[in-house]
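A.B. asks: What would the 3D arrangement of this be:
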Amino acid sequence: MGNVNKKSQQDSTTPQQLEHQDSSSSSTFTCEICIEPITLPNTKFNNNNLCTHPFCTDCIIKYIQVKLQDNVSYIKCAALDCHHYLDALSCRPKVTHQLFDKWCDVLCDSAVLELDRVYCPNRECSALVINECGGGSKLKRCVCPNCKKPFCFQCKVSWHAGYRCNEIGEIRDQNDVAFGVLSERKKWMRCPRCRHCVERAKGCSMIRCR
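C.D. replies: Numbers count the residues shown, from 1 in each chain. Purely as a prediction, here's the structure:
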């Protein structure tokens, strides 16, 4: 009699009750980071539909914080076998403003490091100057957009007028600097043998070293 009654109770379960049980079970998941059952579906992290691993939002926020402390700009998904990166914009509504701003700063710093850049050698300035020409161009003389002082982009010192980058050690005093500026303005050429400045006044372009 007990078995018959038990079977009759199971048969009395309505389709609506079965549907409610299925929906309640599907609304829970186990976070792969904290290994805790999560019952609220709105706490499941969504990586802009790039990947749908069962992570709770709290764990992902802590994961992002740790990565940013290590100055990691492009943060990979926390799943070991996933090669997708976390989308910063999709994470924005879930993280704090301070954390999102720091993420943006780290991304900007990482993008700048990939560019051809230098800091202004003027100690009172030290502004970041980026070679916007790109393409591996050998930029030399440039003017700092902040302090307006010229400097050499290659050897990262004040502009050595009239001297090559490997000759800046020859500059001893202000007279050498003035002579370099004068030779640059006069477009004097240096002899490749003795390195003295020469100027062709007239005649052919063939000049013999003394």
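
A.B. asks: Longest helix of the protein, counting residues only.
C.D. replies: helix 97-113 (DSSP state H).

A.B. asks: Pull out the buried residues from it.
C.D. replies: By neighbour count on 16 or more other CB atoms under 10 Å, the buried set for helix 97-113 is L99, F100, K102, W103, V106. Where you see a C-beta, it was placed from the backbone N, CA and C, and this is true even at glycine.

A.B. asks: who does the next helix or strand after it pair up with?
C.D. replies: Downstream of helix 97-113, the next assigned helix or strand under DSSP states H and E is strand 117-119. Its sheet considered, strand 117-119 pairs with strand 128-130 (antiparallel) by DSSP bridges.

A.B. asks: tell me which residues of the strand it pairs with are tucked away?
C.D. replies: For strand 128-130, using 16+ other CB under 10 Å, the buried residues are V129.

A.B. asks: who touches it?
C.D. replies: Defining contact as CB atoms under 8 Å, 6 or more residues apart in numbering, one finds that strand 128-130 is touched by V112, L115, D116, R117, V118, Y119, C120, C142, C144, P145, F153.

A.B. asks: can you pull out the helices in this structure?
C.D. replies: Along the chain, the segments classed as helices by DSSP H run 2-11, 15-26, 57-69, 88-91, 97-113, 174-186.

A.B. asks: Now do the third one against helix 97-113, angle only.
C.D. replies: In terms of direction (axes from the mean of the first three to the mean of the last three CA atoms, to 10 degrees), helix 57-69 departs from helix 97-113 by 40 degrees.

A.B. asks: Kindly export helix 57-69 (C-alpha atoms) in CSV.
C.D. replies: Output in CSV follows, covering the C-alpha atoms of helix 57-69 (Å, rounded to 0.1, in the frame of the first residue of the first chain):
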residue,chain,number,x,y,z
THR,A,57,30.6,38.8,-11.4
ASP,A,58,32.3,39.2,-8.0
CYS,A,59,35.1,36.8,-8.9
ILE,A,60,35.6,38.4,-12.3
ILE,A,61,35.9,41.9,-10.6
LYS,A,62,38.6,40.5,-8.2
TYR,A,63,40.3,38.8,-11.2
ILE,A,64,40.5,42.1,-13.1
GLN,A,65,41.8,44.0,-10.0
VAL,A,66,44.7,41.5,-9.6
LYS,A,67,45.6,41.7,-13.3
LEU,A,68,45.6,45.5,-13.3
GLN,A,69,47.8,45.5,-10.2
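
A.B. asks: tell me the average confidence for that helix?
C.D. replies: For helix 57-69, mean pLDDT is 90.

A.B. asks: Which strands or helices does it pack on?
C.D. replies: Applying 3 or more CB pairs under 8 Å, 6 or more residues apart in numbering; DSSP states H and E, one finds that helix 57-69 makes contact with helix 97-113.

A.B. asks: Where does pLDDT dip in the protein?
C.D. replies: 1-26, 40-43, 114, 134-137, 172 (pLDDT under 70).

A.B. asks: Need the buried residues of helix 97-113 in JSON lines (columns: distance to I38).
C.D. replies: Listed next are the buried residues of helix 97-113 as JSON lines, based on distance: CB to CB, whole Å:
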{"residue": "L99", "distance to I38": "21"}
{"residue": "F100", "distance to I38": "23"}
{"residue": "K102", "distance to I38": "26"}
{"residue": "W103", "distance to I38": "24"}
{"residue": "V106", "distance to I38": "29"}
